[in-house]
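Peer 1: sequence first, then the predicted structure:
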Amino acid sequence: RGGAKGPGGMPAQAEAAPGAGVSAAVQQANGSAWNYNSWHFEEQTHDKWGRERLKALLDKAKVAAPFASAGQEFTANVTFTVTSLDGEAWTHVRKGKKVTGYNYELALAWSGQVEGRVGSRWPCHGKLSYDLCMDDDEPDTDFSCSERFPFRKELAAALARQVSGRCQTFVDELSQRGEAKHGGGFSQGGAPAVQVGQYHKYEQGPDGVAALQDAAREYSQSSSAELKGKRVHTDVPTH
């Protein structure tokens, strides 16, 4: 990618400072009512929501990013514009654990000015690419700037931290999605399903587990006389 060059002619990279990485908090699994102890695999995708939420957090966002260089304090007052956003997000439970997954490639344009403590202002603009991936402790970034500032490296890291903060908000909100709700399952809003081997077991609907259980109960009650006391379904525990 083009842009400002650092020492040796290499592109100036945004190096995330400690704490600038993005991660999902460990959560207790909370699967559907039928999924005892959240043991079986259930998954819900959030791709559309993820793209819309990341764009809402980053596009047209005005930020004030402080940083220091050579003993001086600066603030970058810039506006981000999302130029490209692609990826996926999901949540799933299995064996009592809930996993939050995400993988997005972000391309941002930024423009504004850098201000010094003595009233100096330097207009500038550039680009920032940011890879948001659940498997990376530190995001991969690529930074470019229209001006050859001596503090390009610090400016790049400051802007990357601003993006990281908004991405962490996204991941925190994503982690709360897919929770089981009263009257519904983990996949509330879609077709509740669990993958068991090569099959899907459905909780609701005409062929769902609940409907089949009700049908069996009605049949056993209506046919009790003909079956001479033998029932297809019983509510009495056998053990």
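Peer 2: Ah, there it is.

Peer 1: which residues of this structure fall in helices?
Peer 2: Counting by DSSP state H, the segments of the chain that form helices are 47-58, 152-175, 209-222.

Peer 1: list the buried residues in the first one.
Peer 2: Applying a neighbour-count criterion of 16 or more other C-beta atoms under 10 Å, the buried positions in helix 47-58 are 50-51, 53-54, 57-58. In this view, the C-beta of every residue, glycine as well, is placed from N, C-alpha and C.

Peer 1: likewise the longest one?
Peer 2: Neighbour-count burial for helix 152-175, with 16+ other C-beta under 10 Å as criterion, is recorded at 152-164, 166-168, 170-171, 174-175.

Peer 1: low-scoring stretches of this protein, by residue?
Peer 2: 1-41, 96, 178-213, 216, 219-239 (pLDDT under 70).

Peer 1: angle of the biggest strand by length in it against helix 47-58?
Peer 2: Taking DSSP state E as the criterion, the chain has its longest strand at strand 72-94. Angle of strand 72-94 versus helix 47-58, following axes from the mean of the first three to the mean of the last three C-alpha atoms, to 10 degrees, is 160 degrees.

Peer 1: re earlier: make TSV out of the helices of the chain and add distance to Asp86.
Peer 2: TSV is the format used below for these (distance: least, C-beta to C-beta, whole Å):
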stretch	distance to Asp86
helix 47-58	8
helix 152-175	15
helix 209-222	37
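
Peer 1: out of those, which comes closest to Pro123?
Peer 2: Among the helices of the chain, helix 152-175 comes nearest to Pro123, with 13.2 Å by C-beta to C-beta.

Peer 1: what's that closest one packed up against?
Peer 2: helix 47-58, strand 62-69, strand 72-94, strand 97-116, strand 121-133, strand 140-145 (3 or more C-beta pairs under 8 Å, 6 or more residues apart in numbering; DSSP states H and E).

Peer 1: between strand 72-94 and it, find me the angle.
Peer 2: Using the same axes, to 10 degrees: helix 152-175 against strand 72-94 is 30 degrees.

Peer 1: all set, thanks.
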